[in-house]
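In: what shape does this take:
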Amino acid sequence: MINRLFGFLLLMLFLIPSTGLQAQKRYWIFLSDKDGVAFDPYQYFDPAAIQNRLVKQIPLVQFSDMPLRQDYLDGIQSISGNLGTVSRWFNAVSVKADMSELRKISNLPYVLDVREVLMVSRETEEDFDPEIDYEVDQLRSLQINAFGIKHFEEMGIDGTGVRIAVFDGGFPGVDTSPMFQHLRDSGRIIATWDFVKDKEFVYDYSSHGTSVMTCIAGVMEDKKFGLAPGAEFLLARTEVTREVFSEEENWLAAVEWADKNGADIISSSLGYTFKRYFPRQMDGQTTLVTRSANLAASKGMLVINAAGNDGDKKWQVIGAPADADSVLTIGGVSPDNGYHIDFSSYGPTFDGRLKPNLVAFGKVATSNQKKVKQAYGTSFATPLVSGFAACVMQIRPEMNNMEVFRELEKSGHLYPYFDYAHGYGVPQAAYFTQESLEVSPTFEFVDGEFDLIIRPLNPNSDEFFWNEEDSSLMSGDDYSYEPGLEEQILDTVFYEDSEWLEESAWVEDTAWVDENGWAMDTVWVDETDWGMDSTWVDETVWAADTAWAVEGDNEDMFANEEDFFNGESFFDDSQFNENSTDRYDLDTNYLYYRIVGEEDEKIRRYAVVNMQFTDEFLIPWDDLENGDRVTVHYQGYTSSFQY
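Out: As a prediction, this is how the structure comes out:
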């Protein structure tokens, strides 16, 4: 009897599927050719896309536009039983397959390569309350006036005629909220698609996309929250909200859809970092999503992506696709002092290119489907710049996307100064609407006995932090602020249905706990909700940043001045050796400086110095090496000192 029972149990063991051995995973299948396929661009593309290509002199038919061979797809499907995302740009298709099926697919004569589709943890959010409290309203005014929006408004510039594709986790309320009534009334939500559910309806799930849209085009009671309420929109849901994982492939599918539907700008507040990659892979060429972003730029679209919210975490640097050479990467600054907000991810890329390119406020006034509120993250700095870029495209229609890219950089309030926390600063409307203004020197270099002295020519200004002649930026005394709030919570936007979650910056998944009680998978929520796996181990040893510090009252944020990425970050600083001659509206009482070495042209140190209560700033000669170049920006003027 016992033997018969044992035999029955053994038989059942073999009949039960072995999920460990035969579990299906998702893979990208890359194909060899598109021989014999037919393609009519006038049937495939939206008329706006056709017009864009003609104006920008981009060929109407490119290899990457053509469809995949149907016989190849049929052959793959006959083995896997399914097909997922089809990418014309990469001549690839995603499938679910176990190892046996994958081996068969790999042996097909027209299969060039196979790559696993990696996964990343994601977040899990009546009537709209139109009330805007005083503090939020002041922040709303500040976040758009930081760009000098009045210069656009005087010319009637609001992004009209520019088409923006927004990629996010959902857009609840965009179809009902009074914040977007002007878009609905004028029919300027051109197309929508949910790449997770494969359907048109996107007005559900995470309200993160709603908050992003507010920062581009929101208007409530004639009060603007963004700079481009006149733009047109394509809304793509690419991220999973109520499931455990989302897939990078949705982003790839969405960027091709945006191209097909005539997007001028892609505004993406999403990113892919740890759980998938290592810092050394943030090199602008490794990840598929980064390559896709560069390809989008080659097809005439301006791709704008958030730097990320890992500046105060272990990862710290930008993610993909923000590492792409042709992506305009946006970091965050605090509205309370104008310099780097602690969670904003740092540059450079692993191969040493400047990132972020520009910055905007990382603390904003925005909305979800329920109410107007504050939120934190480079997710919201990004759409502010996207709206600004739409205004530039409206005022300079003769420029192609990469020309706009370069001019946006030049419009930064710090330009030609840059560093790995602020890029070129906050872009300024006056750069595009006014003639260049001559800037008188605001400081001088003095050779001291023991120090290089940086001496302001108008010391001890009475202004607090924003020195704005036209008062479009408010003084610190006019804007109340609760210190430390950004440390308590980076982004509350995903959790409006649970008030207690608004008081916490993280949500812990207790389902995965090892025998020592350590959480194996803890989801730290920032504006992109990039997951943080506590078991992740960095394979490289690298410093907190390039010796970034905020100096003033003898306070250094970071004491570690080791070389970033073990000395492998390089940037050619030679082109910025000349004094600047242009001054734009944004100004502060903070002095920015960087030190670049002669041999490797690497930024060895950069910092911001509070000059409100001091007449000079000293850099000890002992801190400089022969050939170092010290570049300083203060109150609109930039100059360099060669040691």
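In: and the average pLDDT for the helix or strand harbouring Ala297 is what?
Out: Using DSSP states H and E, Ala297 sits within helix 288-298. The average pLDDT for helix 288-298 rounds to 90.
In: beyond that helix, next helix or strand please.
Out: Moving toward the C-terminus from helix 288-298, the first helix or strand encountered (DSSP H and E) is strand 302-306.
In: might you calculate how far that following strand sits from the centre of the chain?
Out: 6 Å (C-alpha atoms, centre = their mean, to the nearest Å).
In: report all helices and strands that that strand contacts.
Out: strand 265-268, helix 288-298, strand 327-333, helix 378-395, helix 401-410 (3 or more C-beta pairs under 8 Å, 6 or more residues apart in numbering; DSSP states H and E). For glycine as for every other residue, the C-beta is placed from the backbone atoms N, C-alpha and C.
In: among those, which is nearest Arg455?
Out: strand 327-333 (25.9 Å; C-beta to C-beta).
In: quick check: angle from the closest one to helix 401-410?
Out: 20 degrees (axes from the mean of the first three to the mean of the last three C-alpha atoms, to 10 degrees).
In: just the buried residues of the helix or strand following strand 327-333, please?
Out: Downstream of strand 327-333, the next assigned helix or strand under DSSP H and E is strand 358-361. Neighbour-count burial for strand 358-361, counted by 16 or more other C-beta atoms under 10 Å, picks out Leu358, Val359, Ala360, Phe361.
In: can you name the residues bridging to the residue most central in space within the chain?
Out: Residue closest to the mean C-alpha point of the chain, counted by C-alpha atoms, centre = their mean, is Ala306 at 0.8 Å. Going by DSSP bridges, Ala306 is paired in beta bridges with Ile330.
In: in contact with it, which residues?
Out: 268-271, 322, 329-330, 377-379, 381-382, 527-528 (C-beta atoms under 8 Å, 6 or more residues apart in numbering).
In: neighbours of Gly148, how many?
Out: For Gly148, the number of neighbouring residues by other C-beta atoms under 10 Å comes to 28.
In: identify the residue nearest it in space, chain neighbours excluded?
Out: Spatial nearest neighbour of Gly148, chain neighbours left out: Ala429 (4.1 Å); criterion: C-beta to C-beta, 6 or more residues apart in numbering.
In: could you pull up the residues touching that neighbour?
Out: Counted by C-beta under 8 Å, 6+ apart, Ala429 has contacts Phe147, Gly148, Ile149, Lys150, His151, Phe152, Phe388, Cys391, Ser411.
In: cutoff 10 Å now
Out: 145, 147-155, 157, 227, 388, 391-392, 395, 411, 472, 584-585 (C-beta atoms under 10 Å, 6 or more residues apart in numbering).
In: picking that back up, turn the contacts of Ala306 into JSON lines, including neighbour count.
Out: Listed next are the contacts of Ala306 as JSON lines, based on neighbours: other C-beta atoms under 10 Å:
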{"residue": "Ser268", "neighbour count": "30"}
{"residue": "Ser269", "neighbour count": "29"}
{"residue": "Leu270", "neighbour count": "31"}
{"residue": "Gly271", "neighbour count": "28"}
{"residue": "Ala322", "neighbour count": "36"}
{"residue": "Thr329", "neighbour count": "31"}
{"residue": "Ile330", "neighbour count": "32"}
{"residue": "Gly377", "neighbour count": "30"}
{"residue": "Thr378", "neighbour count": "36"}
{"residue": "Ser379", "neighbour count": "34"}
{"residue": "Ala381", "neighbour count": "31"}
{"residue": "Thr382", "neighbour count": "34"}
{"residue": "Glu527", "neighbour count": "31"}
{"residue": "Thr528", "neighbour count": "30"}
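In: ok, so of those residues, who is nearest Asn337?
Out: The closest of the contacts of Ala306, once distances to Asn337 are taken by C-beta to C-beta, is Ala381, at 15.2 Å.
In: so what's the closest one up against?
Out: Each residue near Ala381 by C-beta under 10 Å, 6+ apart is listed here: 143, 215, 269, 306-307, 330-333, 341, 344, 356, 358-364, 426, 527.
In: with Asp137 instead?
Out: Residues in contact with Asp137 (C-beta under 10 Å, 6+ apart) are Glu131, Met220, Glu221, Lys223, Ala365, Val372.
In: gap between the first one and Leu31?
Out: Applying C-beta to C-beta, to the nearest Å, one obtains 55 Å for the distance of Glu131 from Leu31.
In: who has more neighbours out of those two?
Out: A count of neighbours by other C-beta under 10 Å puts Leu31 above the other of Glu131 and Leu31, at 20 against 10.
In: poorly predicted segments of the stretch 251-400 of the chain, please.
Out: Scanning the stretch 251-400 of the chain for pLDDT under 70 picks out 272-277.
In: the chain now?
Out: Along the chain, the model assigns pLDDT under 70 to residues 1-23, 118-126, 241-247, 272-277, 437, 459-588, 600.
In: per-domain residue ranges of it.
Out: The chain resolves into domains spanning 21-117, 134-433, 443-482+540-642 when parsed by automatic domain parsing.
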